[in-house]
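Visitor: Here is the input, now give the coordinates:
(3 chains)
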Amino acid sequence: MNILDDLNSQQRQAVTADLGQVLVLAGPGSGKTRVLTLRVAYLILTLGVRPANILAVTFTNKAAREMENRLTRLLGEKIQGVWLGTFHATCARILRRESNLLPFNSSFVIFDADDQENLVKRTLKDLNIDDKLYRPASMLSAISQAKNNLVLPSAYPTRSYRDEIVSRVYKRYQELLQICNAVDFDDLLLWAVRLLEENPPVKEKYSHRFEHVLVDEFQDTNMAQYRLLQHLCEFHGNLFVVGDEDQSIYRWRGADYKNVLRFEDDYPDSQKILLEQNYRSTQNVLDAARAVIDRNQYRTPKQLFSERGAGDKIVLYEAVDDHAEAAYVADAIQQLISAGKARGGDMAVMYRTNAQSRLLEEAFLRAGMAYRLVGAQRFYGRREVKDMIAYLRLVQNPADEVSLGRVINVPPRGIGDKTLVALQLAARQAGASAGEVLIDLAAKGPDSPFAKAFGGRGATVLADFGGLLAGWGEVEASLTLPALFDRIVSDTVYREYIEDESEEGQDRWGNVEELRLLAYEYQERGLSAFLENLALVSDQDTIPERSDSPTLLTLHAAKGLEFAQVFIIGLDEGLLPHSRSGDDPEEMAEERRLFYVGLTRAKNNLYLVRAERRSTFGSFEGSESSRFIDDIPEGLIRHLGENYRERRASSSSWELPARWESARLAPSAPPPDSSKKIERRYRPAMHVRHPVWGDGIVLNSAIRDGEEEVDVHFESVGFKRLLASLAKLELI
DNA sequence: GCGTTACATATTTTT
DNA sequence: TATGTAACGC
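Guide: Numbers count the residues shown, from 1 in each chain, chains lettered A, B, ... in the order given. Got it, this is the predicted structure:
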């Protein structure tokens, strides 16, 4: 069997493992995708399993596509029928098939993060809850967490007053989703699990069908996904999962690497196979990575080894400040390129937070160097793109009030807040969807029973909009998708609305055209397939694959990628590990894994970079070296930078061009004149009144940077820190 | 409905 | 620092 020829013994053991439950723990660069793909090929070619009886799930479209390509190369036509896709896409597929058993119909739309936020805001308004005290983002994360753990609104625990609020918001949020004939990302999983649990025949159908279930990145599964897998493989019991606890970096999205341990508990007869040979990195890189990750608990220790030799030492560069840090990176990369030691596309700069990319970009720009920034502004997040998608969604699903709210007055057609609220009210009372009311208004005009609910002008403009909607609905079946798209653009005069003389306007229209191009590809499959893909495809998929420029990206975005030269910047306490991880050991362990993921992206060289001082929100502060650096054995490191000037002077290496010093910003302005003393106007225990927050008591007051900062406890909102010069505080 | 201003806020973001 | 947003006034 030639597909097994190039495998090492561990890989071969995994690919040809006996049926039943198999857990493959695959270190970075150990060929896990290869093993997964070959396992599918092995099932089909050697064991004669029919493709339609195989389900393979991944987390990203990219991973799914990658697998599909490799399988096609191996199997050709024989891959036809394999269910291969992301968790979410797989669930959506099942839900559409079984929608008669669910509280929404098969034209349901999938709400993305943006839509969710809109809906939660509306929920809060509905329930008269202060969105300052109960932030939509925090409500959503609580709801998401509940869904990931399969907790329904009725079962939401109410241990505190806050829980009580969340519970009410969760409940109402779900009702609104249902009114909109929509589901959110988490619902796709949750509903799929409920569908299987509450309808035994359905579960039987799918679990009979899927003789083999295979899973990629298993360490990133949450409770809902884990349960789903259990149900789907219940009948045949063939569950093949591949993952690496050490690369679990999505805890905050509900992922629980402990599912790896759970798997072994739940399936005591399962086989466990470790892939420990690394084909990517030099031994020095692996040794450093291992030193870092070995400090984590609850994991299977692995002995990663490489046959690529020790390689170069890891460079640790300590810059004087964050500007110098960025300048060093840009310079070092330029030197590498001009010395012919690397190509731009071989290099990446990784950081903990997106904000860190700004200084890098500036440094690259100043040096006249091209770069590729991952995850900056998202194509699908652009306003004009979202607008067009909202129109299309309304055609498919007129009940979608979030999309309706988005575009009913875009371009402006005189439908304000009041009219919109009246419309929703009328719809609720009639037990109809907002879209139906609009269409009825358009058809019957003043004779419509709804006309009375609005002022004369309101009824007219709403009817006009309803007319548009109804018109699109009629032609949807007969027009191709791009034709429908054009019709909407022309009916709404959308181009004239966004395209002005400015470059920005041109860009905007360009984005709309790009979306139309995408619609063109969906001529055959139609509107609903198009919308589903838009919802389930991530922005990562829109990144151009090929480029010969260095890549700038977050550590999260780097997972699964590899580069010859890797720079990791910001190795300071507070940034990596991030201060938000606080003293929670689980969070700290995740920060460590994140660093580990970054380290193991490197094939040849690693550059760890930090700054003695960096500016955070305006103020300039000294920073401590990251604790993770201390974990790397001294013998693997070569020191450069601020603290090591002597060594630098004695070495004639290219890592430190003299130029970088001049690349730093001009000396900063002299410190604010401290001679002009500022008097403290507020003292503890003073009673004050704020125009917004009302009455409060001064807790403390201090002069900082020539400004008086006052800490006040308000009766309405609690603790606030204010600038005396800005806040209009009144003594009472 | 639009532009201005004041102010709060500031991780990561596979789907 | 710089950015987004929410309330305010026209």
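
Visitor: Low-confidence ranges, the stretch 51-200 of chain A, go.
Guide: Scanning the stretch 51-200 of chain A for pLDDT under 70 picks out no residues.

Visitor: switch the cut-off to 90
Guide: Along the stretch 51-200 of chain A, segments meeting pLDDT under 90 span A:61-62, A:77-78, A:106-107, A:112-141, A:158-165.

Visitor: Those residues of it touching DNA strand B, which are they?
Guide: A:59-62, A:86-89, A:113, A:132, A:185 (Cβ under 7 Å from any atom of the strand). All C-beta spots, glycine's among them, are computed from the backbone N, C-alpha and C.

Visitor: Just the buried ones from those residues?
Guide: Buried members of those, counted by 16 or more other Cβ atoms under 10 Å: A:59-62, A:86-89, A:185.

Visitor: and those residues as TSV, adding secondary structure?
Guide: Compiled in TSV, these are given as follows (DSSP: H, G, I helix; E, B strand; the rest coil):
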residue	secondary structure
A:Phe59	coil
A:Thr60	coil
A:Asn61	helix
A:Lys62	helix
A:Thr86	strand
A:Phe87	helix
A:His88	helix
A:Ala89	helix
A:Phe185	helix
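
Visitor: And the furthest pair within those?
Guide: For those, the farthest-apart pair by Cβ to Cβ is A:Lys62 and A:Phe185; their separation is 17.1 Å.

Visitor: Please name the nearest non-neighbouring residue to A:Arg209.
Guide: A:Asn53 (6.4 Å; Cβ to Cβ, 6 or more residues apart in numbering).

Visitor: Verify the stated contact: the one you found with A:Leu214.
Guide: No - applying Cβ atoms under 8 Å as the test, A:Asn53 and A:Leu214 come out as separate, 11.8 Å apart.

Visitor: Which of these two has more residues huddled nearby?
Guide: In this view A:Asn53 and A:Leu214 are compared by other Cβ atoms under 10 Å, and A:Leu214 has more residues nearby, 27 against 18.

Visitor: For the stretch 101-250 of chain A, which residue gets nearest to DNA strand C?
Guide: Of the residues in the stretch 101-250 of chain A, the one nearest DNA strand C is A:Lys121, at a distance of 7.0 Å by Cβ to the nearest atom of the strand.

Visitor: Redo the buried ones among the residues of the stretch 51-200 of chain A next to DNA strand B as JSON lines? Include distance to A:Leu462.
Guide: Conversion of these to JSON lines gives the following (distance: Cβ to Cβ, whole Å):
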{"residue": "A:Phe59", "distance to A:Leu462": "43"}
{"residue": "A:Thr60", "distance to A:Leu462": "42"}
{"residue": "A:Asn61", "distance to A:Leu462": "39"}
{"residue": "A:Lys62", "distance to A:Leu462": "43"}
{"residue": "A:Thr86", "distance to A:Leu462": "39"}
{"residue": "A:Phe87", "distance to A:Leu462": "40"}
{"residue": "A:His88", "distance to A:Leu462": "35"}
{"residue": "A:Ala89", "distance to A:Leu462": "36"}
{"residue": "A:Phe185", "distance to A:Leu462": "32"}
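
Visitor: which one among these gets closest to DNA strand C?
Guide: For these, the nearest to DNA strand C is A:Phe185 (19.6 Å; Cβ to the nearest atom of the strand).

Visitor: got the contact list for the closest residue to that closest one other than its chain neighbours?
Guide: Once flanking residues are discounted, A:Phe185 sits nearest to A:His88: 6.2 Å by Cβ to Cβ, 6+ apart. Applying Cβ atoms under 8 Å, 6 or more residues apart in numbering, we find A:His88 in contact with A:185, A:188-189, A:536.

Visitor: mean confidence score for the helix or strand that A:Glu496 is a member of?
Guide: According to DSSP states H and E, A:Glu496 maps onto helix A:494-498. Averaging pLDDT along helix A:494-498 gives 85.

Visitor: Which helix or strand lies directly C-terminal to that helix?
Guide: Next helix or strand after helix A:494-498 toward the C-terminus (DSSP H and E): helix A:503-521.

Visitor: which residues are contacting that next one?
Guide: Here helix A:503-521 makes contact (Cβ under 8 Å, 6+ apart) with A:379, A:382-385, A:388-389, A:481-482, A:485-486, A:489, A:494-495, A:498-499, A:530.

Visitor: One more pass at 10 Å, please.
Guide: A:379-380, A:382-389, A:392, A:480-486, A:489, A:494-500, A:502, A:527, A:530, A:533-534, A:537, A:542 (Cβ atoms under 10 Å, 6 or more residues apart in numbering).
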